[in-house]
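> sequence and computational prediction follow.
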Amino acid sequence: MGALAVREVSMRIGGRDLVRAVTFEVAPGEVLGLAGPNGAGKSTLLRTLYRVLRPTAGQVLLDGHDVWRMPGRWLARRLAAVLQDGGGDFGLSVHDVVSMGRTPHKRAFDGDSPADRAIVAEALERLDVADLAHAPFDRLSGGERQRVLIARALAQRPEVMVLDEPTNHLDLRHQLDALRLVRGLGITAVIALHDLNLAAAFCDRLCVMDGGAIVALGTPREVLTPELLRDVYRVDAEVGAHPRTGVPQVTLITEGDAP
Ligand code: ADP
Ligand code: MG
């Protein structure tokens, strides 16, 4: 399972409509990319999915259950979030942070079972942070931190992952690895991404927001057009096809900019 439905979700803060009647569904196993310019409302919308912000109107349903009506633990067993620059977590080691992913699956005062330990070890390994297991989390580089937070989400073994710009701070190798990993889990995912070419390569569908509302929703091929890039991002671009995969590729027009 892991069917996510966002129904007419609006978020009004301080008299401003940050999210306006957003509606979409994500099928079990589907990867939805969330794009749009800075300030479009992507992070605010994602916060309503993992229950940091209660929508002013509308509902978020996971497998038909309103996430705001279910116990926190119910949600934490099913949905993992990777936030932007998340978790100060002062004093915790990388291993501690990743182990926290197991918390929703344990009873109070339970220690780590051998199965928990194996899951944490695997998550550390898959995110290429096993060497850092004993390092203090708050001393890591931005990219290392990001990978640790993805490892924590992985250790949570969720049905749905919500990721806010997870490739921020990551070098090219780790960007690819992170997106391949999420894609390869076969779980439902909603991922805010700035890199439209990566989004096109890894997402089944893209949802583009602007001014708090959805302005396009469809396959990368349907959504990524020169018109959308002009209207929403205010850039001139050509949209071609990846030479090997045929996936849409955005190339900014920079004629006249070269030295
Ligand atoms: P995005 O993630 O698409 O860049 P955000 O959802 O972070 O956009 O922000 C959308 C808009 O809402 C921005 O203009 C931002 O300044 C504003 N905003 C975000 N959080 C709050 C808040 N708690 N109070 C008031 N304004 C906010
Ligand atoms: Mg954001």
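Now that the structure is in, tell me what you want to look at. Ligands and ions are numbered 1, 2, ... in the order given.
> now do the strands in the chain.
Counting by DSSP state E, the chain has strands at residues 4-13, 16-26, 31-35, 57-62, 65-66, 79-82, 160-164, 188-192, 205-210, 213-218, 237-241, 248-252.
> kindly tell me how buried whatever residue of the chain ends up closest to ligand 2 is, as a neighbour count.
Nearest to ligand 2, among the residues of the chain, is Ser43, at 3.2 Å (C-beta to the ion). (C-beta placed from N, C-alpha, C; glycine too.) Using other C-beta atoms under 10 Å, Ser43 has 18 neighbouring residues.
> mind checking pLDDT for it?
On pLDDT, Ser43 comes in at 97.
> how about it: what's its closest non-neighbour residue?
Once flanking residues are discounted, Ser43 sits nearest to Asp164: 5.5 Å by C-beta to C-beta, 6 or more residues apart in numbering.
> was I right to think that neighbour contacts Leu49?
No. Asp164 is beyond contact range of Leu49, at 10.1 Å (criterion: C-beta atoms under 8 Å).
> now do the shared contacts for those two.
Ala81 (C-beta atoms under 8 Å, 6 or more residues apart in numbering).
> got a list of what Ile119 touches?
Going by C-beta under 8 Å, 6+ apart, Ile119 touches Gly101, Arg102, Ala155, Arg157.
> which one of those residues has the most neighbours?
Among these, Ala155 has the most neighbours (other C-beta under 10 Å), with 26 neighbours.
> let me know the pLDDT of the spatially most distant residue from the centre of the chain.
In the chain, Pro259 marks the outermost C-alpha relative to the chain mean, sitting 36.8 Å out by C-alpha atoms, centre = their mean. On pLDDT, Pro259 comes in at 74.
> Ala135 and Ala76, how far apart?
Here Ala135 is placed at a distance of 26 Å from Ala76 (C-beta to C-beta, to the nearest Å).
> do the same with Arg54
17 Å.
> these two: which is more packed in?
Using other C-beta under 10 Å as the criterion, Arg54 and Ala76 rank with Ala76 on top: 18 against 11.
> contacts only, for the more buried one.
Taking C-beta under 8 Å, 6+ apart as the contact definition, Ala76 lies against Thr103, Pro104, Gln156.
> quick one, what contacts the first one?
The one in question is Thr103. With C-beta under 8 Å, 6+ apart, Thr103 has these contacts: Ala76.
> and with 10 Å instead?
Taking C-beta atoms under 10 Å, 6 or more residues apart in numbering, we find Thr103 in contact with Arg73, Ala76, Arg77, Asp110, Asp116, Arg152, Ala155, Gln156.
> and the furthest pair within those?
Farthest pair in these (C-beta to C-beta) is Asp110 and Arg152. Separation: 17.8 Å.
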